[in-house]
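J.: Show me how the following folds:
(one chain, ligands or ions: 2)
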Amino acid sequence: QVFISFCLVCQGPPVWHKNYPVAQGNRQSPIDIIPHQTSHDPGLGPITLNYDQCTSINITNNGHSVVVEFEDPDDRSVILGGPLDNPYRLKQFHFHWGGKGCHGSEHTVSGNSYASELHLVHWNAVKYKTFGEAATAPDGLAVLGIFLETGDDHRWLHMITDALYMVKFKVNFKAFNPKCLLPSSLHYWTYLGSLTTPPLHESVIWIVLKEPIIVSEKQVHVACMFLLHLKAGELHDILFFKTPYNKRTKMKNVLDDM
Ligand SMILES: NS(=O)(=O)c1ccc(C(=O)NCc2cccc(O)c2)cc1
Ligand SMILES: [Zn+2]
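T.: Ligands and ions are numbered 1, 2, ... in the order given. As a prediction, the model looks like this:
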(Lines give C-alpha, C1' and ligand atoms only; values in the text may rest on other atoms or scores of the structure.)
(Ligands and ions follow the chains in the order given, each with its own letter.)
Protein backbone atom coordinates (compact mmCIF):
# COMPACT_ATOMS: atom_id res chain seq x y z
CA GLN A 1 0.00 0.00 0.00
CA VAL A 2 1.01 3.65 -0.39
CA PHE A 3 2.19 5.44 2.80
CA ILE A 4 1.78 9.22 2.53
CA SER A 5 3.44 11.28 5.24
CA PHE A 6 1.73 14.57 6.08
CA CYS A 7 3.36 17.92 5.59
CA LEU A 8 2.95 19.81 8.86
CA VAL A 9 2.34 23.17 7.21
CA CYS A 10 -0.25 21.61 4.90
CA GLN A 11 -2.13 20.17 7.85
CA GLY A 12 -2.44 23.73 9.12
CA PRO A 13 -3.02 25.30 12.52
CA PRO A 14 -5.24 22.61 14.12
CA VAL A 15 -2.27 20.24 14.57
CA TRP A 16 0.63 22.66 14.89
CA HIS A 17 0.28 22.90 18.70
CA LYS A 18 1.28 19.22 19.00
CA ASN A 19 4.73 19.90 17.54
CA TYR A 20 4.91 23.58 18.51
CA PRO A 21 3.41 24.25 21.95
CA VAL A 22 4.09 27.97 21.39
CA ALA A 23 1.10 27.81 18.99
CA GLN A 24 -0.98 28.32 22.16
CA GLY A 25 1.23 31.26 23.24
CA ASN A 26 -0.02 34.75 24.01
CA ARG A 27 1.32 36.65 20.99
CA GLN A 28 0.38 34.41 18.06
CA SER A 29 -0.17 35.77 14.55
CA PRO A 30 -2.16 36.33 12.40
CA ILE A 31 -4.91 38.31 14.15
CA ASP A 32 -8.12 40.09 13.17
CA ILE A 33 -7.41 43.84 13.17
CA ILE A 34 -10.46 45.82 14.39
CA PRO A 35 -9.62 49.46 13.50
CA HIS A 36 -11.94 51.17 15.99
CA GLN A 37 -10.46 49.02 18.80
CA THR A 38 -6.87 50.08 18.02
CA SER A 39 -5.28 52.83 20.14
CA HIS A 40 -3.30 55.71 18.60
CA ASP A 41 0.26 55.97 19.97
CA PRO A 42 1.57 59.54 19.39
CA GLY A 43 5.08 58.28 20.23
CA LEU A 44 5.08 56.17 17.03
CA GLY A 45 6.68 57.96 14.08
CA PRO A 46 6.50 56.99 10.39
CA ILE A 47 8.36 53.96 9.03
CA THR A 48 11.14 54.40 6.46
CA LEU A 49 12.07 51.80 3.82
CA ASN A 50 15.60 52.11 2.43
CA TYR A 51 15.42 49.53 -0.38
CA ASP A 52 17.26 51.39 -3.14
CA GLN A 53 20.45 49.35 -2.73
CA CYS A 54 18.65 46.03 -2.27
CA THR A 55 19.97 42.99 -4.18
CA SER A 56 17.55 40.14 -4.73
CA ILE A 57 19.15 36.74 -5.26
CA ASN A 58 16.53 34.15 -6.17
CA ILE A 59 12.86 33.24 -6.26
CA THR A 60 11.66 29.94 -4.80
CA ASN A 61 8.41 28.05 -4.78
CA ASN A 62 8.18 25.81 -1.74
CA GLY A 63 4.67 24.60 -2.56
CA HIS A 64 3.12 26.86 0.10
CA SER A 65 4.37 30.24 -1.01
CA VAL A 66 6.63 32.09 -3.46
CA VAL A 67 9.72 33.50 -1.72
CA VAL A 68 12.18 36.11 -3.09
CA GLU A 69 15.41 36.16 -1.10
CA PHE A 70 17.85 39.07 -0.67
CA GLU A 71 21.52 39.38 0.18
CA ASP A 72 21.79 40.72 3.74
CA PRO A 73 25.55 41.04 4.50
CA ASP A 74 25.12 44.72 5.50
CA ASP A 75 22.45 47.38 5.97
CA ARG A 76 21.95 47.93 2.25
CA SER A 77 18.19 47.41 2.49
CA VAL A 78 16.51 48.12 5.82
CA ILE A 79 13.26 49.16 7.43
CA LEU A 80 13.49 51.69 10.29
CA GLY A 81 11.40 54.03 12.42
CA GLY A 82 7.86 53.37 13.62
CA PRO A 83 7.98 50.88 16.55
CA LEU A 84 11.56 49.81 15.70
CA ASP A 85 14.53 50.77 17.91
CA ASN A 86 17.09 49.62 15.32
CA PRO A 87 17.26 49.26 11.52
CA TYR A 88 16.08 45.75 10.50
CA ARG A 89 17.61 44.11 7.39
CA LEU A 90 15.44 42.83 4.52
CA LYS A 91 15.92 39.06 4.24
CA GLN A 92 13.07 37.88 2.01
CA PHE A 93 9.54 38.59 0.94
CA HIS A 94 6.79 36.10 0.18
CA PHE A 95 3.07 35.96 -0.52
CA HIS A 96 0.17 34.15 1.09
CA TRP A 97 -2.33 33.39 -1.65
CA GLY A 98 -4.33 30.85 0.36
CA GLY A 99 -6.26 27.90 -1.06
CA LYS A 100 -9.58 29.76 -0.78
CA GLY A 101 -9.60 31.56 -4.15
CA CYS A 102 -9.62 35.29 -3.54
CA HIS A 103 -9.46 35.22 0.25
CA GLY A 104 -5.92 34.19 0.97
CA SER A 105 -4.75 36.93 3.35
CA GLU A 106 -3.60 35.83 6.82
CA HIS A 107 -4.51 39.00 8.76
CA THR A 108 -8.11 40.18 8.47
CA VAL A 109 -9.58 43.66 9.03
CA SER A 110 -12.91 43.68 10.91
CA GLY A 111 -13.27 40.02 9.93
CA ASN A 112 -12.72 40.69 6.21
CA SER A 113 -9.90 38.95 4.37
CA TYR A 114 -8.10 40.23 1.25
CA ALA A 115 -7.19 38.27 -1.87
CA SER A 116 -3.61 37.85 -0.72
CA GLU A 117 -0.99 39.20 1.68
CA LEU A 118 2.67 40.14 1.03
CA HIS A 119 5.17 39.79 3.88
CA LEU A 120 8.52 41.59 3.78
CA VAL A 121 10.66 39.85 6.42
CA HIS A 122 13.45 41.82 8.18
CA TRP A 123 15.78 40.92 11.07
CA ASN A 124 17.58 42.90 13.78
CA ALA A 125 21.25 42.59 12.77
CA VAL A 126 22.28 45.21 15.36
CA LYS A 127 21.42 42.95 18.31
CA TYR A 128 21.71 39.46 16.72
CA LYS A 129 24.42 37.78 14.60
CA THR A 130 22.20 35.68 12.33
CA PHE A 131 18.60 35.55 11.10
CA GLY A 132 18.17 32.22 12.91
CA GLU A 133 19.20 33.76 16.21
CA ALA A 134 17.00 36.83 15.67
CA ALA A 135 14.05 34.59 14.75
CA THR A 136 13.90 33.29 18.33
CA ALA A 137 14.21 36.71 20.06
CA PRO A 138 11.15 38.80 21.06
CA ASP A 139 12.50 41.84 19.12
CA GLY A 140 14.36 39.83 16.49
CA LEU A 141 12.13 40.21 13.42
CA ALA A 142 10.04 42.93 11.81
CA VAL A 143 7.57 41.85 9.13
CA LEU A 144 5.87 44.45 6.93
CA GLY A 145 2.45 43.11 5.90
CA ILE A 146 0.77 44.47 2.76
CA PHE A 147 -2.71 43.41 1.65
CA LEU A 148 -3.43 42.67 -2.02
CA GLU A 149 -6.90 43.61 -3.27
CA THR A 150 -8.20 42.63 -6.69
CA GLY A 151 -8.82 45.39 -9.22
CA ASP A 152 -6.69 46.65 -12.11
CA ASP A 153 -3.52 44.92 -13.24
CA HIS A 154 -0.51 45.74 -11.03
CA ARG A 155 2.19 47.02 -13.41
CA TRP A 156 5.11 45.39 -11.56
CA LEU A 157 3.57 42.26 -10.05
CA HIS A 158 3.72 40.66 -13.53
CA MET A 159 7.52 40.41 -12.98
CA ILE A 160 6.75 37.95 -10.16
CA THR A 161 3.88 36.11 -11.83
CA ASP A 162 5.80 35.90 -15.16
CA ALA A 163 8.78 34.48 -13.28
CA LEU A 164 6.62 31.80 -11.66
CA TYR A 165 6.36 29.69 -14.80
CA MET A 166 10.10 29.01 -14.78
CA VAL A 167 10.21 28.52 -11.04
CA LYS A 168 9.89 24.79 -10.43
CA PHE A 169 11.98 25.20 -7.28
CA LYS A 170 14.59 27.98 -7.20
CA VAL A 171 15.97 30.25 -9.95
CA ASN A 172 18.06 33.44 -10.09
CA PHE A 173 15.92 36.53 -9.77
CA LYS A 174 18.11 39.65 -9.79
CA ALA A 175 17.48 43.35 -9.33
CA PHE A 176 13.90 43.19 -8.17
CA ASN A 177 13.23 46.13 -5.86
CA PRO A 178 10.16 45.48 -3.67
CA LYS A 179 9.62 49.25 -3.34
CA CYS A 180 7.46 48.87 -6.46
CA LEU A 181 5.07 46.65 -4.46
CA LEU A 182 4.25 49.36 -1.86
CA PRO A 183 0.98 51.33 -1.69
CA SER A 184 1.06 55.16 -1.74
CA SER A 185 0.52 55.52 2.02
CA LEU A 186 2.73 53.95 4.70
CA HIS A 187 0.14 54.45 7.47
CA TYR A 188 0.21 51.27 9.57
CA TRP A 189 -1.07 49.21 12.47
CA THR A 190 1.60 47.55 14.65
CA TYR A 191 1.52 44.80 17.29
CA LEU A 192 3.85 42.20 18.83
CA GLY A 193 3.19 38.82 17.24
CA SER A 194 4.76 35.68 15.79
CA LEU A 195 5.72 33.80 12.67
CA THR A 196 2.45 32.63 11.08
CA THR A 197 3.90 29.26 10.05
CA PRO A 198 5.97 26.73 12.01
CA PRO A 199 8.16 27.21 14.04
CA LEU A 200 5.68 30.01 15.03
CA HIS A 201 8.37 31.84 17.07
CA GLU A 202 6.97 34.84 19.00
CA SER A 203 9.68 37.09 17.59
CA VAL A 204 7.86 39.37 15.15
CA ILE A 205 7.12 43.09 15.46
CA TRP A 206 4.24 43.23 12.93
CA ILE A 207 3.78 46.40 10.87
CA VAL A 208 0.63 46.02 8.72
CA LEU A 209 -0.06 48.77 6.15
CA LYS A 210 -3.61 50.10 6.13
CA GLU A 211 -3.71 50.70 2.36
CA PRO A 212 -3.78 47.58 0.15
CA ILE A 213 -2.08 47.38 -3.25
CA ILE A 214 -4.31 46.57 -6.20
CA VAL A 215 -3.61 43.53 -8.37
CA SER A 216 -5.78 41.93 -11.04
CA GLU A 217 -7.80 38.76 -10.55
CA LYS A 218 -5.68 37.27 -13.33
CA GLN A 219 -2.45 37.99 -11.43
CA VAL A 220 -3.87 36.35 -8.27
CA HIS A 221 -5.20 33.46 -10.37
CA VAL A 222 -1.84 32.92 -12.10
CA ALA A 223 -0.09 32.76 -8.75
CA CYS A 224 -2.67 30.40 -7.23
CA MET A 225 -2.61 28.15 -10.31
CA PHE A 226 1.17 28.14 -10.17
CA LEU A 227 1.15 26.91 -6.57
CA LEU A 228 -1.45 24.31 -7.53
CA HIS A 229 0.66 23.42 -10.57
CA LEU A 230 3.53 22.67 -8.21
CA LYS A 231 1.24 20.75 -5.88
CA ALA A 232 -0.15 18.80 -8.86
CA GLY A 233 3.44 18.06 -9.90
CA GLU A 234 4.07 16.84 -6.37
CA LEU A 235 0.97 14.63 -6.55
CA HIS A 236 2.31 13.06 -9.75
CA ASP A 237 5.74 12.49 -8.16
CA ILE A 238 4.17 10.99 -5.02
CA LEU A 239 1.95 8.64 -7.04
CA PHE A 240 4.95 7.48 -9.02
CA PHE A 241 7.22 7.30 -5.95
CA LYS A 242 9.61 9.94 -7.27
CA THR A 243 9.22 12.03 -4.09
CA PRO A 244 11.38 10.84 -1.19
CA TYR A 245 9.29 9.71 1.80
CA ASN A 246 10.02 12.72 4.04
CA LYS A 247 9.28 15.26 1.30
CA ARG A 248 5.64 14.33 0.85
CA THR A 249 2.80 16.73 1.45
CA LYS A 250 -0.66 15.75 2.60
CA MET A 251 -2.53 14.39 -0.44
CA LYS A 252 -5.86 15.52 1.01
CA ASN A 253 -4.77 19.16 1.02
CA VAL A 254 -3.41 18.91 -2.50
CA LEU A 255 -6.73 17.47 -3.69
CA ASP A 256 -8.62 20.09 -1.64
CA ASP A 257 -6.73 22.88 -3.39
CA MET A 258 -7.59 21.59 -6.83
N1 LIG B 1 4.59 34.39 7.43
S2 LIG B 1 5.70 35.11 8.31
O3 LIG B 1 6.07 36.39 7.72
O4 LIG B 1 5.22 35.16 9.69
C5 LIG B 1 7.14 34.13 8.31
C6 LIG B 1 8.37 34.74 8.03
C7 LIG B 1 9.55 33.98 8.01
C8 LIG B 1 9.47 32.61 8.30
C9 LIG B 1 10.75 31.82 8.28
O10 LIG B 1 11.82 32.37 8.01
N11 LIG B 1 10.70 30.50 8.57
C12 LIG B 1 11.95 29.71 8.53
C13 LIG B 1 12.82 29.92 9.73
C14 LIG B 1 12.28 30.18 10.99
C15 LIG B 1 13.16 30.34 12.10
C16 LIG B 1 14.55 30.25 11.94
C17 LIG B 1 15.05 30.01 10.67
O18 LIG B 1 16.39 29.94 10.51
C19 LIG B 1 14.19 29.84 9.56
C20 LIG B 1 8.25 32.00 8.58
C21 LIG B 1 7.07 32.78 8.58
ZN1 LIG C 1 4.17 35.26 5.70
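J.: residue boundaries of the strands in the stretch 101-250 of the chain?
T.: 108-109, 116-123, 141-151, 170-172, 188-193, 204-209, 213-216 (DSSP state E, counting those that start in this stretch).
J.: Using CSV, please lay out those together with distance to ligand 1 and mean neighbour count.
T.: All C-beta atoms are positioned from the backbone trio N, CA, C, and that covers glycine. Output for these, formatted as CSV (distance: least, CB to the nearest ligand atom, whole Å; neighbours: other CB atoms under 10 Å):
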stretch, distance to ligand 1, mean neighbour count
strand 108-109, 15, 17
strand 116-123, 4, 25
strand 141-151, 4, 23
strand 170-172, 15, 12
strand 188-193, 8, 18
strand 204-209, 6, 24
strand 213-216, 17, 20
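J.: Any idea which of those strands has the lowest pLDDT on average?
T.: Averaged per stretch, pLDDT over the strands of the stretch 101-250 of the chain is lowest on strand 170-172, reaching a mean of 73.
J.: circling back: out of the strands of the stretch 101-250 of the chain, nearest to Asp72?
T.: strand 116-123 (7.6 Å; CB to CB).
J.: picking up where we left off before, export the strands of the stretch 101-250 of the chain as a markdown table, with columns for distance to Asn50.
T.: Shown next, in a markdown table, are the strands of the stretch 101-250 of the chain (distance: least, CB to CB, whole Å):
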| stretch | distance to Asn50 |
| --- | --- |
| strand 108-109 | 28 |
| strand 116-123 | 11 |
| strand 141-151 | 13 |
| strand 170-172 | 24 |
| strand 188-193 | 17 |
| strand 204-209 | 15 |
| strand 213-216 | 20 |
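J.: Which secondary structure state is assigned to Cys54?
T.: At Cys54 the chain is in coil, as set by DSSP: H, G, I helix; E, B strand; the rest coil.
J.: I'd like to know how far it sits from Asn124.
T.: 17 Å (CB to CB, to the nearest Å).
J.: Equivalent analysis for Arg27, please.
T.: For Arg27, the distance to Asn124 equals 17 Å [CB to CB].
J.: For stretch 52-71, list every residue counted as buried.
T.: Neighbour counts using 16 or more other CB atoms under 10 Å place 54, 56-61, 63-70 of stretch 52-71 among the buried residues.
J.: And those, which is the shakiest by pLDDT?
T.: Gly63 (69).
J.: so who does Val78 touch?
T.: Contact analysis of Val78 by CB atoms under 8 Å, 6 or more residues apart in numbering lists Leu49, Asn50, Pro87, Tyr88, Arg89, Leu90, His122.
J.: what about the closest residue in space to it that isn't next to it in sequence, how many residues close to it?
T.: Residue nearest to Val78 in three dimensions, not counting chain neighbours: Pro87, with 3.9 Å by CB to CB, 6 or more residues apart in numbering. Pro87 is flanked by 18 other residues according to other CB atoms under 10 Å.
J.: I'd say Pro87 and Ser77 touch.
T.: No: judged on CB atoms under 8 Å, Pro87 makes no contact with Ser77 at a distance of 9.8 Å.
J.: Phi first, then psi, for Cys10.
T.: Main-chain dihedrals, Cys10, degrees, to the nearest 10: phi -70, psi -30.
J.: Tell me how many other residues crowd it.
T.: 19.
J.: before we move on, what about Gly81?
T.: If you count neighbours by other CB under 10 Å, Gly81 ends up with 14.
J.: Check Asp74 too.
T.: Look at Asp74: counted by other CB under 10 Å, it has 10 neighbours.
J.: With Phe131 instead?
T.: By the criterion of other CB under 10 Å, Phe131 has 18 neighbours.
J.: Can you check what pLDDT the model gives it?
T.: On pLDDT, Phe131 comes in at 98.
J.: Which positions in this structure make contact with ligand 1?
T.: His119, Val121, Phe131, Gly132, Ala135, Val143, Leu195, Thr196, Thr197, Pro199, His201, Val204 (CB under 6 Å from any ligand atom).
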